[in-house]
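Engineer: have a look; sequence and predicted model below, questions after that.
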Amino acid sequence: MPDPAPKPARILEGMTGVILGVANKRSLAWGCAKSLSDAGMRLAFTYANDRLKDAVVKLAAECEGSIVIPCDVTIPEEITAAFDGIKAEFGTLDTIVHAIAYAKREELQGNFFDTSKDGYMLAHEVSAYSLTAVTRAALPLMEGRAGSIVTLSYIGAERVVPNYNVMGIAKAALEASVRYLAADVGPRGIRVNAISAGPIRTLSASGVRDFSSILDQIAEKSPLRRNVTAEEVGDACLFLAGPHSRGITGTTLHVDGGFHIMGV
């Protein structure tokens, strides 16, 4: 494993962002939050329910000037209230990190054709449609800010990954949403991109059956011969949120040790 990247200069000083999807310190959302906060961005963290609240509050305390607000993305009124709260506290918004995904555990094993209609719709509502809903709510705060929206995807959107099933279909919808949203909001100066991260042991990944075997195969076959870390995903998010990526939009950036280029 390479040494960690040096702590970045505070190139995002004076900017604000919202992080949706932090669950614990292993979350990719937390890796993104740390990279943005270390670079000077002030952050709002959301939590979906009371079960997650204490963990998110504890982590947010490590990021200077952060706030914590409830936001269940399946409830439109909560999305509206969350961005009203961000407006009251921050005034404007520069960055959204959308790191929300969910599917029923029983849908992440066996045959895809056994996916239930309810499971299919739920996975798409939480994992894909929520990006559109959040973007719409955030637009008034991002007008004129040259803002950046970043979401998290996975190679299961492009290829068949055993047991990923309905989540792969939802991630494909998410990546298509990135392209359509980028075309919509580009004239407003706002960029929309996705990071397709390699597999990392997170709370959500633990729901995929035989996940450990996926990690082993990536480490064996990727050009870098290892798995990536949440910190590396976080630094890619920092790049996409900051001025060095100002000409990039509608793109899915792979942070997977190069696995996506391999044929076999």
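Structural biologist: It's in. Bear in mind the structure is a predicted one, so any value in this text is a computation, not a measurement. Residues are numbered from 1 along each chain as shown.
Engineer: do you know how far the nearest residue to residue 112 once chain neighbours are set aside is from residue 253?
Structural biologist: Nearest residue to residue 112, sequence neighbours excluded (CB to CB, 6 or more residues apart in numbering): residue 165, at 4.6 Å. All C-beta spots, glycine's among them, are computed from the backbone N, C-alpha and C. Separation of residue 165 from residue 253 (CB to CB, to the nearest Å): 24 Å.
Engineer: between the two, who's got more neighbours?
Structural biologist: residue 165 (26 against 19; other CB atoms under 10 Å).
Engineer: pretty sure the more buried one contacts residue 119?
Structural biologist: No. Contact criterion CB atoms under 8 Å: residue 165 and residue 119 do not qualify, at 9.1 Å.
Engineer: returning to what we had before: ok, now which ones touch the residue nearest to residue 112?
Structural biologist: For residue 165, the contact set (CB atoms under 8 Å, 6 or more residues apart in numbering) comprises 103, 107, 108, 109, 110, 111, 112, 115.
Engineer: for this structure, which helix or strand comes out least confident on mean pLDDT?
Structural biologist: helix 211-221 (a mean of 82; mean pLDDT, DSSP states H and E).
Engineer: quick one: buried residues of that one?
Structural biologist: Neighbour-count burial for helix 211-221, counted by 16 or more other CB atoms under 10 Å, picks out 211, 214, 215, 218, 219.
Engineer: returning to what we had before: quick check: neighbours shared by residue 165 and residue 119?
Structural biologist: 103, 107.
Engineer: where does the stretch 151-264 of the chain dip in pLDDT?
Structural biologist: Within the stretch 151-264 of the chain, the segments meeting pLDDT under 70 span 201-211.
Engineer: hmm, try it at 80
Structural biologist: 201-214 (pLDDT under 80).
Engineer: please enumerate the strands of it.
Structural biologist: Counting by DSSP state E, counting those that start in this stretch, the segments of the stretch 151-264 of the chain that form strands are 191-197, 252-255.
Engineer: just send these back as CSV, with distance to residue 36 too.
Structural biologist: Below are the strands of the stretch 151-264 of the chain laid out as CSV (distance: least, CB to CB, whole Å):
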stretch, distance to residue 36
strand 191-197, 13
strand 252-255, 15
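Engineer: what does stretch 110-121 rub up against?
Structural biologist: 103, 104, 106, 107, 163, 165, 166, 169.
Engineer: start to end distance for that stretch?
Structural biologist: Start and end residues of stretch 110-121 are separated by 18 Å (CA to CA, to the nearest Å).
Engineer: done for today, thanks.
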